[in-house]
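Asks: Structure here, sequence nowhere to be found:
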């Protein structure tokens, strides 16, 4: 634990230690990531910076996917109108819906998309930190909303 800030360090292989010198419970992956973001977000701490960085990083994810299609060609987009039976219920309709993707990301494109998604998660987590929200709680609440509303959630 950092004596000055009182924060638990997550960078060591040793278990975290609390202020009494006792071994603290290990952080969940979300909590550990949120702490790392808090520790390393230095230059762009303004809410305005973080909001614009969220948008920029999402655009970079879109660009990485577009480059996988247009430059590499490892994936293709084959879009057309979605066709499904008019009398299908929502669960059956899902079987008829297409992603419009064919192929798979090559290793290079997978690495690029992975890196851009990671950066987008970094700034989304920074936004949680600035607004004093716990990323894990946001995920839990959204999971509850999705599972409560089921297929009607995002239709």
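Replies: Now that the structure is in, tell me what you want to look at. This structure is a prediction, so every number in the text was calculated from the model and none was measured.
Asks: Run through this protein and note the low-pLDDT ranges.
Replies: 1-25, 151, 153-155 (pLDDT under 70).
Asks: Spell out the residue ranges of the strands in it.
Replies: Along the chain, the stretches classed as strands by DSSP state E are 75-77, 101-103.
Asks: need those strands in TSV with distance to residue 112, can you?
Replies: C-beta coordinates here come from the backbone N, C-alpha and C atoms, glycine included. Listed next are these as TSV, based on distance: least, C-beta to C-beta, whole Å:
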stretch	distance to residue 112
strand 75-77	12
strand 101-103	15
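Asks: got those strands as CSV, with mean neighbour count and distance to residue 34 columns?
Replies: What follows is these, written out as CSV (neighbours: other C-beta atoms under 10 Å; distance: least, C-beta to C-beta, whole Å):
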stretch, mean neighbour count, distance to residue 34
strand 75-77, 14, 31
strand 101-103, 13, 31
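Asks: To residue 85, which of these lies closest?
Replies: strand 101-103 (22.7 Å; C-beta to C-beta).
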